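Chemist: Fold the following for me, if possible:
(4 chains)
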Protein chains: 2
Amino acid sequence: MRQNHETVKRSRGRPQKRCDADTLHLIVEAADREFQSKGYAGTSIMTVAQRAGVSTKTLYKLVATKAELFERTIQDRIGRFLLDVVDDVSDDLDPRAALEHILFAFGVLTLSPETIAITRLVISECERFPEVARAFYQSAIVPVNGIIEAWLTTQKDKGLLRFDDVHITSGLLRGMMIMEPQRTAMMAQRGAPHRDEIALRARQCADVFYNGCKA
Amino acid sequence: MRQNHETVKRSRGRPQKRCDADTLHLIVEAADREFQSKGYAGTSIMTVAQRAGVSTKTLYKLVATKAELFERTIQDRIGRFLLDVVDDVSDDLDPRAALEHILFAFGVLTLSPETIAITRLVISECERFPEVARAFYQSAIVPVNGIIEAWLTTQKDKGLLRFDDVHITSGLLRGMMIMEPQRTAMMAQRGAPHRDEIALRARQCADVFYNGCKA
DNA sequence: CTATTTGGAAAATAGCAATTTTCTAAATGA
DNA sequence: TCATTTAGAAAATTGCTATTTTCCAAATAG
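Modeler: Numbers count the residues shown, from 1 in each chain, chains lettered A, B, ... in the order given. Next comes the predicted model:
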């Protein structure tokens, strides 16, 4: 851990129990939970402060407004987003199996309760926070799509798959994999799917798509 | 006190300039526009009343609460939504062409700015108004899905298509067709697609799916 | 004209939640 | 001890908006 070098010479009064960064972290974490379960309008600053174990005064010393707090929490999540979608797409798998593998990873990432919650938040608040929506789209969605598009392009170049436009085709594939469960969950008509449901879906999806596009 | 909408015998005082139903219609129409552009929280009852050309008093005489007004607007839209579901799935087309035809109609319906707006609204408010979300899901989404599932089942029975579960397969197909443009538009990262874009997508989609599932 | 009913305009009420401020109790170096 | 700084708790302030109420002009049957 890094200590605060600043404290070589301690100032006069009562010392902070935590450095500002740590306190901010607690606040953002609490806010994240609240925004995720209650939405923007439904979340009260007082509740966030209580959950974080700080007073509203302290909170406002570190975060100027509720809007800023919201933006910070989303940014925070975006940062953790593009984890390992396809680190291990070994080329020794046959294309159909590799596709299923990729779709499964993609499904696990995008159909997790957290991702579904943040997606709903972004959709709900994109009018109020266009920059946040933009950031989410550019930093979370686009790169993940990029990975899938790259794989598709590789297969096409190898002469294993046949299709017109990579971008559109990738959109078809991703929609096939996640739309139905994601939308249903976002409308709270069902919970997020379990791993085995995702696996099943990945298989069916890979079957249809591979059959539909194989050269 | 009690109104007789027949007005066979006019009561004593000043007559209504419109019957309640008409006034209500004006109100719901105005509310629809407001909710669609400002969302639930962003819509003020006063503004709705002004747009409808009535006073808040009149509004509250016909609609008890803001929540009720919201439900009415959604119900109203659901009504129009289902009217649009024209099931002119002609059987004289070959299956691939018929599929493209269906997907195009489905796309035009679900990718219209209005449908996208209402979908976003439902996603945004489904925590606060679970009944509305359920109504939308049951009255709008399920029936439309039903039409596609019915067609798929017919083709399977004819031995023209091959797949496991109709429900899942229909979900794959619908997701393929609309997710990408719908989600992008809901996040305000792009406008609703035009007819020709929808047509193009329907073609690509039909190609992949038909190839992928033909017997 | 008069009694009676319909709304419109605007003010009043109410409640909630973001943001500020006050008061007070720690801590701690000098 | 004292000066100084950190925070928490709670109260105050502010502003917004849903919902009610008041007051009044319009319309019309009798």
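
Chemist: Residue A:59: what's it in contact with?
Modeler: A:27, A:45, A:48-49, A:52 (C-beta atoms under 8 Å, 6 or more residues apart in numbering or on different chains). C-beta coordinates here come from the backbone N, C-alpha and C atoms, glycine included.

Chemist: Report the mean per-residue pLDDT for stretch A:122-142.
Modeler: In this model, stretch A:122-142 carries a mean pLDDT of 92.

Chemist: how about that stretch, does it reach DNA strand D?
Modeler: No: using C-beta under 7 Å from any atom of the strand, stretch A:122-142 stays clear of DNA strand D, coming no nearer than 12.1 Å.

Chemist: Confirm for me that residue A:186 is in contact with residue B:123.
Modeler: Yes: counting by C-beta atoms under 8 Å, residue A:186 does reach residue B:123; the two are 4.9 Å apart.

Chemist: Among these two, which residue is more densely surrounded?
Modeler: Counting neighbours by other C-beta atoms under 10 Å in any protein chain shown for residue A:186 and for residue B:123 shows that residue A:186 has the greater number, 24 against 20.

Chemist: Mind pulling the model confidence for the more buried one?
Modeler: Reported pLDDT for residue A:186: 95.

Chemist: and what of the one 5 residues further on?
Modeler: On the pLDDT scale, residue A:191 is placed at 94.

Chemist: wait, what's in contact with the closest residue to it other than its chain neighbours?
Modeler: In this structure, residue A:191 finds its nearest non-sequential neighbour in residue A:185, 6.4 Å apart by C-beta to C-beta, 6 or more residues apart in numbering or on different chains. Taking C-beta under 8 Å, 6+ apart as the contact definition, residue A:185 lies against A:111, A:113, A:116, A:191-193.

Chemist: let's see it at 10 Å
Modeler: A:111, A:113, A:115-117, A:119-120, A:191-193 (C-beta atoms under 10 Å, 6 or more residues apart in numbering or on different chains).

Chemist: okay, the angle between the helix or strand where residue A:119 lies and helix B:113-125?
Modeler: Element membership for residue A:119 (DSSP states H and E) is helix A:113-125. Interaxial angle of helix A:113-125 relative to helix B:113-125 (axes from the mean of the first three to the mean of the last three C-alpha atoms, to 10 degrees): 120 degrees.

Chemist: gap between helix A:113-125 and the chain center?
Modeler: Centroid displacement of helix A:113-125 relative to its chain, using C-alpha atoms, centre = their mean, to the nearest Å, is 9 Å.

Chemist: try stretch A:179-187
Modeler: That offset, for stretch A:179-187, works out to 15 Å (C-alpha atoms, centre = their mean).

Chemist: What residue spans form the domains of chain A?
Modeler: Split into domains by automatic domain parsing, chain A comes to A:5-79, A:95-213.

Chemist: In contact with residue A:212, which residues?
Modeler: Contacts of residue A:212 by C-beta under 10 Å, 6+ apart are A:161-163, A:169, A:172-173, A:176, B:176, B:205-214.

Chemist: Give me the nearest residue to it, chain neighbours excluded.
Modeler: Using C-beta to C-beta, 6+ apart, the closest residue to residue A:212 is residue B:212 (3.1 Å).

Chemist: distance between the ends of stretch A:51-68?
Modeler: Taking C-alpha to C-alpha, to the nearest Å, stretch A:51-68 runs 18 Å from one end to the other.

Chemist: shaky segments in chain A?
Modeler: Scanning chain A for pLDDT under 70 picks out A:1-11, A:13, A:82-92.

Chemist: Please repeat the previous calculation with a cut-off of 50.
Modeler: Along chain A, segments meeting pLDDT under 50 span A:1-9.

Chemist: what inclination does the strand or helix carrying residue A:198 have with respect to helix B:195-213?
Modeler: Here residue A:198 sits within helix A:195-213, counting by DSSP H and E. Inter-element angle recorded for helix A:195-213 and helix B:195-213: 100 degrees (by the same axes, to 10 degrees).

Chemist: With just CA atoms, put the strand or helix carrying residue A:180 into CSV.
Modeler: Under the criterion of DSSP H and E, residue A:180 resides in helix A:166-186. Provided in CSV are the C-alpha atoms of helix A:166-186 (Å, rounded to 0.1, in the frame of the first residue of the first chain):
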residue,chain,number,x,y,z
VAL,A,166,-18.7,-7.4,-40.2
HIS,A,167,-20.3,-4.7,-38.3
ILE,A,168,-23.8,-5.7,-39.0
THR,A,169,-23.1,-9.3,-38.7
SER,A,170,-21.6,-8.9,-35.3
GLY,A,171,-24.7,-6.9,-34.3
LEU,A,172,-26.9,-9.8,-35.4
LEU,A,173,-24.8,-12.3,-33.4
ARG,A,174,-24.7,-10.2,-30.2
GLY,A,175,-28.4,-9.5,-30.4
MET,A,176,-29.1,-13.1,-30.9
MET,A,177,-27.2,-14.0,-27.8
ILE,A,178,-28.3,-11.5,-25.3
MET,A,179,-31.3,-9.4,-26.2
GLU,A,180,-34.2,-11.5,-25.0
PRO,A,181,-32.8,-12.3,-21.5
GLN,A,182,-31.3,-8.8,-21.1
ARG,A,183,-34.5,-6.9,-22.0
THR,A,184,-36.7,-9.2,-20.0
ALA,A,185,-34.5,-8.7,-17.0
MET,A,186,-34.3,-4.9,-17.5
